[in-house]
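Peer 1: coords please:
(chains A and B)
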Amino acid sequence: NAGVTQTPKFQVLKTGQSMTLQCAQDMNHEYMSWYRQDPGMGLRLIHYSVGAGITDQGEVPNGYNVSRSTTEDFPLRLLSAAPSQTSVYFCASSIAGGYGVGNQPQHFGDGTRLSIL
Amino acid sequence: TQLLEQSPQFLSIQEGENLTVYCNSSSVFSSLQWYRQEPGEGPVLLVTVVTGGEVKKLKRLTFQFGDARKDSSLHITAAQPGDTGLYLCAGDGNQFYFGTGTSLTVIP
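Peer 2: Purely as a prediction, here's the structure:
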């Protein structure tokens, strides 16, 4: 029962470096999303996808890119890391998402803890 | 500005006490979910409420969705140390919005 798998679990970057956070799910879920979690702010949506080939921006998309070439994978790219992007990043998937059909549970990975110096 | 505000942000109580966590918004949501998160892990769904005024019970946890579908509450009866964790509400508008979180510590 893999569920949602995120790699790496920990990463330290220098300002200006780029990297890709990986997310894979084996539940054939159409909806996938990326959140960042910062103290006192809960989880904030970065980008989401309602299916392969379709992505959209969430609340805090600046500095991040995503793509969805397959149902299973939804990588998050930091193009030029900044200290403000130090956070814990969570990937989630669900059967469906969006207005009116969001009563399905979201399944989360265990997160990637990212520090940018 | 957070769309969903939770209160209190931190709560530390003795085992056996009761508590209520609130999740408030000025926006209407088609459904609202409550999650619990433990350190080093992702959030795990506790319940989904979809009807205004709906009340759901999960053992010692009681969840209520406001009549206007803008707010929700989580009440825990006779809290236990195993209830310790971060509680998050999440609303389904045009996308998912999570609340600011309530960190609960239950002291044995």
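
Peer 1: CA atoms for contacts and neighbours, from now on please.
Peer 2: Fine.

Peer 1: okay, residue 1: pLDDT?
Peer 2: All of this refers to chain A. We note a pLDDT of 66 for A:N1 in this prediction.

Peer 1: I was thinking of chain B, sorry if that wasn't clear
Peer 2: Note for B:T1: predicted pLDDT of 55.

Peer 1: Over to B:V44?
Peer 2: 94.

Peer 1: same question, A:N103
Peer 2: pLDDT for A:N103: 67.

Peer 1: Over to B:N94?
Peer 2: So, for B:N94, pLDDT stands at 70.

Peer 1: can you count the residues close to the closest residue to chain A within chain B?
Peer 2: Closest to chain A within chain B is B:T100: 4.0 Å, counting by CA to the nearest CA. By the measure other CA atoms under 10 Å in any protein chain shown, the count of residues near B:T100 is 28.

Peer 1: Please tell me how far it sits from A:S94.
Peer 2: Distance, B:T100 to A:S94, using CA to CA, to the nearest Å: 21 Å.

Peer 1: and chain B, which residues reach chain A?
Peer 2: B:2, B:9, B:30-33, B:40-45, B:48-50, B:88, B:92-101 (CA under 8 Å from any CA of the partner chain).

Peer 1: Just list the residues touching the closest residue to chain B within chain A, thanks.
Peer 2: Using CA to the nearest CA, the single residue of chain A nearest to chain B is A:G42, 4.0 Å away. Taking CA atoms under 8 Å, 6 or more residues apart in numbering or on different chains, we find A:G42 in contact with B:88, B:98-101.

Peer 1: just these now: which is nearest B:C23?
Peer 2: Of all the contacts of A:G42, B:C23 sits closest to B:G99, with 7.0 Å by CA to CA.

Peer 1: The closest one reaches B:C89, doesn't it?
Peer 2: Yes: counting by CA atoms under 8 Å, B:C89 is a contact partner of B:G99 at 5.2 Å.

Peer 1: The most centrally placed residue in chain A is in what secondary structure piece?
Peer 2: Centre of chain A computed as the mean C-alpha position; nearest residue by CA atoms, centre = their mean is A:W34, 2.3 Å away. Using DSSP states H and E, A:W34 sits within strand A:31-37.

Peer 1: what helices or strands is that strand leaning on?
Peer 2: strand A:43-51, strand A:87-94 (3 or more CA pairs under 8 Å, 6 or more residues apart in numbering or on different chains; DSSP states H and E).

Peer 1: Could you identify which of the ones you listed is most buried?
Peer 2: Comparing the helices and strands packed on strand A:31-37 by mean neighbour count (mean count of other CA atoms under 10 Å in any protein chain shown), strand A:87-94 comes out on top with a mean of 26.

Peer 1: Pass me the low-pLDDT residue ranges in chain B, would you?
Peer 2: When residues are selected by pLDDT under 70, those of chain B lie in B:1-2.
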